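[1] Sequence and computational prediction follow.
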Amino acid sequence: MKFKILILFVLLIFSSYPSYAKDKDISEYDYLKFLGESIEKIKSDYVEHIDNKEIVESAINGILSSLDPHSSFLNAKSLDDMKIQTKGEFGGLGIEVTMENGFVKVISPIDNTPADKAGIKAGDYITHLDKKSVIGLSLDEAVNKMRGPVGSKLQVTIGRVDNEPFDVTIKRDIIKITTVRSRLEKDVGYVRITTFSEQTNNSTKDAIKKLKKNKNLKGYIVDLRNNPGGLLEQAVAISDLFLEKGEIVSTRGRDSENPETYKARPGDIINGLPLVVLINSGSASASEIVAGALQDHKRAIILGTQSFGKGSVQTIIPVNPFGALRMTTARYFTPSGRSIQKKGITPDITVEEAKVEKLETRNGNRESDLKGALDNPNKNEENKNVNETKKNQSVNDFQLSRALDLVRGISLYKNKLAIN
């Protein structure tokens, strides 16, 4: 009852004040004048001195960050740091982050970085840095606090679903991103893309060329798990490697009637071999462009879990000599017209992450244990194949193991169709 009375009292107070001009009666000039007068009032009356640079940068950043989690103002230093990051080497913890509900949310840790080795996971929330709350900080301010001298330590408080908050101490290091790694999984080519930087397309082509030297490949796996995205043009280029024709992605700004469309050029670098793409909740932005394009064209089977769901495009707009505006200027759509904003890419085959453990072999007799059993004439060759499989296949990664089975199954099915 007290709560209801209080609300009624507040409403009566405010209803007694005279009504002011409606928005439609206020001109653009009046709003700009209001902004200027507010800044002057803050400069003259705030309890501490604030210089022009600080107050203007804060005002612009406040405007941009209120629009969406990915828009912000980059001062000259932040802009230089971003340029270094897109080239593939920078200092820090090694995580891609965004803001959500006032906290820093981890999109994904970067492979083999301090954060990755410390066990930080996609979807974690960073609530405190060195025991100081991140509430009230902008994304860039939080990121700057996570950067620091190489070798210095930072205590990070992590909030994780279904867990009590816990602290992790991480030693900062130079983050050298190897954007592409590859290996042969017996008869399947495995390509891991960790981020989409300036080097990604060329590195991927080089990796596939090396894998193609094996003439008995049954197909390929492209691993985009925990890939937070990166450069749009690199995502387009990677998609183009596997597509012969058609739309890859379209971006639509405020004028949605005139979208910008990116299309594939002839030439499939793996010549039509089976392709499986791995994604998870840490696959965002550029990763989702690639997965969405290959899924819509039915060029690849997408396996894993729902992706992050970042379907917007940010443009860096220089404002010399002050820095740049990082502003959301468009949404992107897959070839079928899907927007994945706040939804993500749904895999064709859902496979949750799980730990694969080898079961102990039960004691029991086999044909080879029977006295006088005939030898297998291909015994040496069979043992070689078994050992090679054990050596190469990644049995500790359940999603990858399923992807390998899928590639081999598709290859076997196609071969049988060709024979018939």
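    Good, I have the coordinates.

[2] going forward, measure contacts and count neighbours with C-alpha atoms only.
    Fine.

[3] ok, residue 54 - how many residues close by?
    9 (other CA atoms under 10 Å).

[4] tell me the pLDDT at it?
    With respect to pLDDT, residue 54 has a value of 90.

[5] Distance-wise, check it relative to residue 43.
    Taking CA to CA, to the nearest Å as the measure, residue 54 falls 11 Å from residue 43.

[6] Repeat that for residue 58.
    Distance from residue 58 to residue 43, by CA to CA: 13 Å.

[7] Below-threshold pLDDT in the stretch 151-300 of the chain: ranges please.
    Within the stretch 151-300 of the chain, no stretch has pLDDT under 70.

[8] can you pull out the strands in it?
    153-159, 166-171, 173-176, 180-185, 188-193, 219-223, 247-252, 260-263, 275-279 (DSSP state E, counting those that start in this stretch).

[9] most packed of the ones you listed?
    Most buried of these, by mean neighbour count (mean count of other CA atoms under 10 Å): strand 275-279, with a mean of 26.

[10] And it, what does it pack against?
    Contact here means 3 or more CA pairs under 8 Å, 6 or more residues apart in numbering; DSSP states H and E; on that basis strand 275-279 packs against strand 219-223, strand 301-304, helix 398-419.

[11] Switch the ones you listed over to TSV; also include distance to residue 93.
    Below are the helices and strands packed on strand 275-279 laid out as TSV (distance: least, CA to CA, whole Å):
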stretch	distance to residue 93
strand 219-223	22
strand 301-304	26
helix 398-419	26
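
[12] Tell me which of these sits nearest to residue 162.
    Comparing the helices and strands packed on strand 275-279 by their distance to residue 162 (CA to CA), the top pick is strand 301-304, with 21.6 Å.

[13] Can you give me the domain assignment for the protein?
    Domain segmentation of the chain under automatic domain parsing yields 92-176, 180-350.

[14] first to last residue in the first one, what's the distance?
    The distance separating the two terminal residues of domain 92-176, taken as CA to CA, comes to 10 Å.

[15] Ok, the longest one next?
    From its first residue to its last, domain 180-350 covers 24 Å (CA to CA).

[16] Output the contacting helices and strands for the helix or strand in which residue 59 is found.
    Using DSSP states H and E, residue 59 sits in helix 52-65. In terms of contacts (3+ CA pairs under 8 Å, 6+ apart), helix 52-65 is packed against strand 72-75.

[17] pLDDT value on residue 388, please?
    On the pLDDT scale, residue 388 gets 44.

[18] Over to residue 26?
    In this model, residue 26 is scored at 87, pLDDT.

[19] next one: residue 379
    pLDDT recorded at residue 379 is 56.

[20] can you map out the helices along this protein?
    Along the chain, counting by DSSP state H, helices occupy 2-15, 28-45, 52-65, 76-87, 114-117, 139-146, 200-211, 232-242, 286-296, 379-392, 398-419.

[21] Deepest-packed of these, please.
    The most buried one of the helices of the chain (mean count of other CA under 10 Å) is helix 286-296, showing a mean of 26.

[22] closest one to residue 71 among the domains of the chain?
    Set against residue 71 and scored by CA to CA, the domains of the chain come closest in domain 180-350, at 4.5 Å.

[23] how close does residue 261 sit to residue 122?
    In terms of CA to CA, residue 261 sits 31 Å off from residue 122.

[24] Touching, residue 238 and residue 288? I think so.
    No - counting by CA atoms under 8 Å, residue 238 does not reach residue 288; the two are 11.8 Å apart.

[25] possible to save the helices of the chain as JSON lines with distance to residue 178?
    Converted to JSON lines, the helices of the chain look like this (distance: least, CA to CA, whole Å):
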{"stretch": "helix 2-15", "distance to residue 178": "58"}
{"stretch": "helix 28-45", "distance to residue 178": "45"}
{"stretch": "helix 52-65", "distance to residue 178": "31"}
{"stretch": "helix 76-87", "distance to residue 178": "11"}
{"stretch": "helix 114-117", "distance to residue 178": "14"}
{"stretch": "helix 139-146", "distance to residue 178": "21"}
{"stretch": "helix 200-211", "distance to residue 178": "9"}
{"stretch": "helix 232-242", "distance to residue 178": "15"}
{"stretch": "helix 286-296", "distance to residue 178": "16"}
{"stretch": "helix 379-392", "distance to residue 178": "22"}
{"stretch": "helix 398-419", "distance to residue 178": "20"}
